[in-house]
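[1] predicted model and sequence follow; I will ask about them next.
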Amino acid sequence: MSVFEYAPAPESRSIVDIAPSYGLFIDGEFVDGTGESFKTVNPATEEVLTEVSAGSEADVDRAVRAARRAFDKTWGPLRPADRGKYLFRIARLLQERAREFAVLESLDNGKPIRESRDVDVPLAAAHFFYYAGWADKLDHVGLGTKPRPLGVAGQVIPWNFPLLMLAWKVAPALAAGNTVVLKPAETTPLTALLFAEICRQADLPAGVVNIVTGAGDTGRAVVEHGDVDKVAFTGSTDVGRQIARAVAGTRKKLTLELGGKAANIVFDDAPIDQAVEGIVQGIFFNQGHVCCAGSRLLVQESIHDEVIAGLQRRIGTLRVGDPLDKNTDIGAINSAEQLARIRELSDIGEAEGAQRWQPACDLPDRGFWYPPTVFTDVSPAHRIARDEIFGPVLSVLTFRTPDEAVAKANNSTYGLSAGIWSEKGSRILRIADQLRAGVVWANTFNKFDPTSPFGGYKQSGYGREGGRHGLAAYLEGADQ
Amino acid sequence: MIGNDRLAVRKTYKLYVNGAFPRSESGRTYEVTDAKGHFLANAARASRKDARDAVVAARAAFPKWSGATAYNRGQVLYRVAEVMEGRHVQFCEEVAAGEGLSSSKARAAVDAAIDRWVWYAGWTDKLAAVLGGANPVAGPYFDFSTPEPTGVVAVLAPQQSSLLGLVSVLAPVLATGNTAVVVTSKDRPLPAVTLAEVLATSDVPGGVANLLTGDAEELGTWLAEHADVDGIDLTGAPPKRAMEFEREAAGTIKRVVRPPATEPDWTADPGLTRMTPFLETKTVWHPMGV
């Protein structure tokens, strides 16, 4: 089948203005950090974008003290309706500067502009808009009347959805009346720093939002700070374990949103073309850098060959390349380190006996790239069926009966998400009931909404983000 | 207890695992005395192997118990209250002896314990409405969230309140559809064994609740690090070990209820506080269309 050629359609990067260096955002001001600064690069070109401060323990302490002051003096006593109005302002400002955020996100993260423009940024604004409305309705969250905010929230977020994860953390925390110290991921600090500017444009009181950039040590300092009341983390299960250990024996409340190895189950009565689109969306969205990615395809044996043929045909048309090109489907891998991990696990997959398939595709010479990859003949014992790869790599397994599908889907230490493809509503609901996963998508995948609670079972973490469940994680009530 | 010249038939107090009453596989027992130090019984002292057996039983019982209808679970838990009521006198004697309470205070504790089962029995078919709901997502999906049980929950029961405290930590775990492995009060284990006899005759399926008499300090470690335990309630953990147990529990990202600074007033309204920690929220996106 011939495929139309596309002329390049690059989004202009002139809309963003990246300073040569950035400090930390503490107490409403950009200040120099006392740690060593580090570079953040465009993963599509390896071009250095700017230098960013690494927050030291002393910087984190300064940020926590600013957050505590704001909690005691301004944000805590503020009328709840006014808290909500600030959040509405932030939502609107994000919408107004949406294109700027989208371009900056794609530059710093490597994700296609189509996704940053159509998913990350609009959803981030939607989260602020949603939680803004909760700020003066906390009596109705379901925790009894007059639930109290926890105080200072220390939040550590990953590099796969930098702005969106910021929104998931900051919006409910502020709506509930907390103040925050947020540590963005080391490789993707820029949209968080631009968000700081939004806070200033919104006239948000100083200290309510503090952004301390840095790597693992900075994150550890946030998590372990004695005056932090709440820790919220999104990232790997390994780091989640360390954080759970670190907060043991303290008063800190903890929510963890960790790794996943989602089963995407395709029954023989599924709409096949739609399922193929959904499988592609499930695993190749955001280069597979998605904790809830549909990385384990469970396909009913009778339609295996048909689905694989359809997948290969569709994957052959995916365009891998310049994240700022509006036609790009798959952008750059976020870092050299992540690329090495994807390569390592893929090689292990082949060594363990699975069959690797990749389309013929030209990858740019510079930058970090990995082609969309499908492994067939995968057994449930293979590493590529058990470990989170966090890249554009799909492992295909088969099943014969619904019971076998459920057993294989649940055979994981993770339990974040799952997908079901079938035309039969009763089957969808029955299988959804049996899956041990926090989010189940039927005839769709990777959908998110601020009203819809998201989070995992088992070692995918605990606590929910989104909906009133996400708000409850930042409140203390009589009935909790 | 003793009528006329008749010599009483004493009870052997054993563990309750998988619906049966075994001795500890270790053969160990320890002496249980009343509040004044008089001998009451030799209780089984559960071992690591007993704890592991109990986890296996609880895991095996989980699919059926969590899959039962909420109405059915409610009736079973209400039945526990009914059967306890029939053993009221026995519970009062054991609580009075173990906790050193006057008979009226012991009676109040037993009454409250029975009423607590009734309270939780009534919760089983209301949690989904109170904690779940439909989510108005911006798209053509019926999106809904429901609470589901976490799985196998280890409970270190309170050390002081041997019956009311025990019921207050066990009933919420069962009402939410979890299965339980409980380590009872070490020094006051006898009401727990009698409660096990009630559970065994109340339509609670074997393995759903497993009660181990013994030392939470010893057993807590094994349960906190056990890879097939999904959550742990540290209420009765020895204060100097609780932090260590919480760290061990982090190894498999267990849901943890931290111990209170001092044992709470178990007569207070518990609210949802003991149920939500062992509930997961599942969100389903169901397509809409024609």
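    Here it is on my side, so go on.
[2] what residues does chain B put near chain A?
    Within chain B, the positions near chain A by CB under 8 Å from any CB of the partner chain are B:130-131, B:135-139, B:141, B:143, B:145, B:150, B:230, B:242-243, B:246-247, B:249-253, B:255, B:271-273, B:276, B:280-287. Where C-beta positions appear, they are placed from N, C-alpha and C, glycine not excepted.
[3] narrow these to those in helices?
    Counting by DSSP state H, the part of the residues of chain B next to chain A found in helices is B:V130, B:L131, B:A242, B:M243, B:E246, B:R247, B:A249, B:A250.
[4] could I get those residues in CSV, plus columns for distance to B:A41?
    Formatted as CSV, those follow (distance: CB to CB, whole Å):
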residue, distance to B:A41
B:V130, 42
B:L131, 41
B:A242, 28
B:M243, 33
B:E246, 33
B:R247, 35
B:A249, 32
B:A250, 37
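[5] pipe these into a markdown table and attach pLDDT and neighbour count per row.
    Output for these, formatted as a markdown table (pLDDT from 0 to 100; neighbours: other CB atoms under 10 Å in any protein chain shown):
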| residue | pLDDT | neighbour count |
| --- | --- | --- |
| B:V130 | 96 | 13 |
| B:L131 | 97 | 20 |
| B:A242 | 97 | 22 |
| B:M243 | 97 | 17 |
| B:E246 | 98 | 24 |
| B:R247 | 98 | 19 |
| B:A249 | 98 | 25 |
| B:A250 | 98 | 23 |
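[6] and A:A418, which of the three is it?
    Put simply, A:A418 is strand when judged by DSSP: H, G, I helix; E, B strand; the rest coil.
[7] any idea how many residues pack against the residue nearest to it when sequence neighbours are not counted?
    Leaving out its chain neighbours, the residue that sits closest to A:A418 by CB to CB, 6 or more residues apart in numbering or on different chains is A:A437, at 4.2 Å. A:A437 sits with 28 neighbouring residues when counted by other CB atoms under 10 Å in any protein chain shown.
[8] likewise for A:Q355?
    The burial count for A:Q355: 12, using other CB under 10 Å.
[9] beta partners of it?
    Judged by DSSP bridges, the bridge partners of A:Q355 are A:T376.
[10] what about B:V183, neighbour count?
    Neighbours of B:V183 under the rule other CB under 10 Å: 29.
[11] and what of the one 4 residues further on?
    Here the number of neighbours of B:D187 (other CB under 10 Å) works out to 16.
[12] ok, now the one 3 residues further on?
    Taking other CB under 10 Å as the neighbour definition, B:L190 ends up with a count of 26.
[13] verify the stated contact: it with B:Y13.
    Yes: here B:L190 reaches B:Y13: they are 6.1 Å apart, a contact under CB atoms under 8 Å.
[14] now do the shared contacts for those two.
    Residues touching both B:L190 and B:Y13 (CB atoms under 8 Å, 6 or more residues apart in numbering or on different chains): B:V32, B:A41, B:A43.
[15] got any ranges where the stretch 51-200 of chain A has weak pLDDT?
    The model of the stretch 51-200 of chain A has no residue with pLDDT under 70.
[16] please enumerate the helices of it.
    Here the stretch 51-200 of chain A has its helices, by DSSP state H, counting those that start in this stretch, at A:57-70, A:80-96, A:98-109, A:113-115, A:121-134, A:162-175, A:190-201.
[17] ranking those by burial, who's on top?
    Ranked by mean neighbour count, these are led by helix A:162-175 with a mean of 28 (mean count of other CB atoms under 10 Å in any protein chain shown).
[18] show me what that helix is packed up against.
    On a contact count with 3 or more CB pairs under 8 Å, 6 or more residues apart in numbering or on different chains; DSSP states H and E, helix A:162-175 meets helix A:80-96, helix A:98-109, helix A:121-134, strand A:152-156, strand A:179-183, helix A:190-201, strand A:230-234, helix A:467-472.
[19] quick one, which of the ones you listed gets closest to A:D362.
    Across these, the minimum distance to A:D362, taken as CB to CB, is reached by helix A:98-109, at 20.0 Å.
[20] other SSEs contacting that closest one?
    Using 3+ CB pairs under 8 Å, 6+ apart: helix A:98-109 touches strand A:38-42, helix A:113-115, helix A:121-134, helix A:162-175, helix A:190-201.
[21] who's in contact with it?
    Contacts of helix A:98-109 (CB under 8 Å, 6+ apart): A:11-13, A:15-16, A:18, A:40, A:42-43, A:49, A:94, A:111-113, A:116-117, A:120-122, A:124-125, A:159-160, A:162-163, A:187-191, A:194, A:323-324, A:331, A:334.
[22] just to revisit the earlier point, got the helices and strands packed on helix A:98-109 as a markdown table, with distance to A:L182 columns?
    Below are these laid out as a markdown table (distance: least, CB to CB, whole Å):
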| stretch | distance to A:L182 |
| --- | --- |
| strand A:38-42 | 16 |
| helix A:113-115 | 22 |
| helix A:121-134 | 13 |
| helix A:162-175 | 6 |
| helix A:190-201 | 7 |
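[23] for A:G142, grab phi and psi.
    phi 110, psi 20 (degrees, to the nearest 10).
[24] number of nearby residues for it?
    Neighbourhood size, A:G142 [other CB under 10 Å]: 19.
[25] wait, what's in contact with the nearest residue to it once chain neighbours are set aside?
    Closest residue to A:G142 apart from its sequence neighbours, by CB to CB, 6+ apart: A:R468 at 6.3 Å. Counting by CB under 8 Å, 6+ apart, A:R468 touches A:W134, A:V141, A:G142.
[26] report pLDDT for the residue in the stretch 301-450 of chain A positioned nearest to chain B.
    Per CB to the nearest CB, A:D449 is where the stretch 301-450 of chain A lies closest to chain B, at 3.9 Å. Reported pLDDT at A:D449 in the predicted model: 98.
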